[in-house]
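[1] fold the following.
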Amino acid sequence: MLDNIDTTELLNNIIVPWGIKIIIALAIFYIGRMVVGLIVGVVGRLMRSQEVDEMLVRFVCSIVRWVLLLFVIIAALSQLGIDTTSLIALLGAAGLAIGLSLQSSLSNFASGVLIIIFRPFSKGDFVEAGGATGVIDNITIFTTTMTTPDNKEIIVPNGGIMGGNITNFSARPTRRVDMVFGISYDDDIRKAKALLEEIIAADDRVLAEPAPVIVVGELADSSVNFLVRPWVNAADYWGVYWDTTETVKLKFDEAGLSIPYPQMDLHIDKPE
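    You can find the predicted model right below:
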């Protein structure tokens with residue numbers, strides 16, 4: 001008879017209540033997980049409707065999923081009678097410690113999000129940023145990968161990029177080529193200017209608008225310097241720069257115009 005009473009008390013006081021708590025906790029977990037999935041789906045669709053970068057969408061959805069799942073797990077544990085206050089405090093302390101130890105990584109992460117959202121450059125752009133110059137190959141949350149003109153790969157932390165100036169040479173369809181050519185003070189500047197205008201006009205890559213600028217820009221120590229500034233399509237920049245420099249040297253030589261170089265005349269007075 002005593003055994004039957006003990007069994008009944010065990011069943012009524014321990015097994016049944018705990019069984020109900022476990023069932024409710026499991027229900028909270030599974031239903032909560034379904035709700036989390038729905039919320040993450042809504043967040044993803046909302047971000048995609050705003051044309052946010054897919055990589056950022058996946059990352060944000062992953063963060064939202066794990067944060068919400070953490071709340072679901074805490075709610076389920078709380079239903080089992082487990083004191084979650086100390087658990088939350090422990091997670092908060094752990095999060096603070098991890099945040100302090102990963103300050104630079106978090107800075108790179110925040111900068112990566114800003115790069116993806118505001119798009120100061122895109123894949124394939126030729127940029128100068130973060131102390132490096134090259135073509136953008138890949139943009140991730142923490143780093144940006146570039147390829148230099150001599151085919152070296154550079155991985156730049158995003159924090160370094162957003163912490164300084166960004167020069168995007170591919171952002172505009174056209175660029176101005178700035179060149180300086182000097183002639184001797186003894187040469188005819190009208191003849192030199194006419195020759196420069198002829199060289200620029202003969203290059204089909206030079207745009208008619210805006211009109212090229214060819215002016216005497218400086219009376220330097222040993223030369224009269226012409227500023228030559230034609231506008232070209234961005235892809236033609238270096239071709240026009242190099243070809244014009246070579247052509248000017250050849251044409252000046254043919255026309256008898258000298259390109260002076262810095263020199264110093266030394267006069268020595270002999271004692272009488």
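
[2] and the strands in the stretch 101-250 of the chain?
    With strands called from DSSP state E, counting those that start in this stretch, the stretch 101-250 of the chain shows them at 126-129, 132-139, 143-147, 153-157, 167-168, 174-176, 179-183, 213-219, 224-229, 231-233.

[3] relative to residue 46, which of the ones you listed is closest?
    Closest to residue 46 of the strands of the stretch 101-250 of the chain is strand 132-139 (C-beta to C-beta; 22.1 Å). In short, each C-beta sits where N, CA and C put it, glycine included.

[4] tell me which residues are up against that closest one.
    Outside of strand 132-139, the residues within contact range by C-beta atoms under 8 Å, 6 or more residues apart in numbering are 55, 112, 115-116, 121-127, 144-149, 152-154, 156.

[5] what do you get for stretch 31-47?
    By C-beta under 8 Å, 6+ apart, the list of residues contacting stretch 31-47 from outside reads 56-57, 60-61, 64-65, 68-69, 71-72, 75-76.

[6] which single one of those residues is nearest to residue 171?
    The closest of the contacts of stretch 31-47, once distances to residue 171 are taken by C-beta to C-beta, is residue 56, at 21.1 Å.

[7] tell me the pLDDT at the closest one?
    Here, the pLDDT recorded for residue 56 equals 69.

[8] let me know the average pLDDT across stretch 227-241.
    Stretch 227-241 comes out at a mean pLDDT of 95.

[9] tell me which helix or strand residue 29 sits in.
    Assessed by DSSP states H and E, residue 29 sits inside helix 16-49.

[10] tell me the buried residues in the helix or strand just after that helix?
    The C-terminal neighbour of helix 16-49 among helices and strands, as given by DSSP H and E, is helix 54-79. Along helix 54-79, these residues count as buried under the neighbour rule (16 or more other C-beta atoms under 10 Å): 56-57, 59-61, 64-65, 68-69, 72-74, 76-77, 79.

[11] quick check: buried residues in stretch 256-263?
    Result for stretch 256-263 [16+ other C-beta under 10 Å]: buried residues 257, 260.

[12] ditto for stretch 149-165
    154, 156-162.

[13] whichever of the contacts of strand 132-139 end up buried, select them in PyMOL.
    Entered in PyMOL, the line below selects the buried ones among the contacts of strand 132-139, by 16+ other C-beta under 10 Å:
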select buried, resi 112+115+116+121+125+126+127+144+145+146+154+156
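
[14] against residue 27, how distant is the residue nearest to residue 203 when sequence neighbours are not counted?
    In space, and not counting its chain neighbours, residue 203 is closest to residue 240: 6.4 Å by C-beta to C-beta, 6 or more residues apart in numbering. Residue 240 sits 72 Å away from residue 27, taking C-beta to C-beta, to the nearest Å as the criterion.
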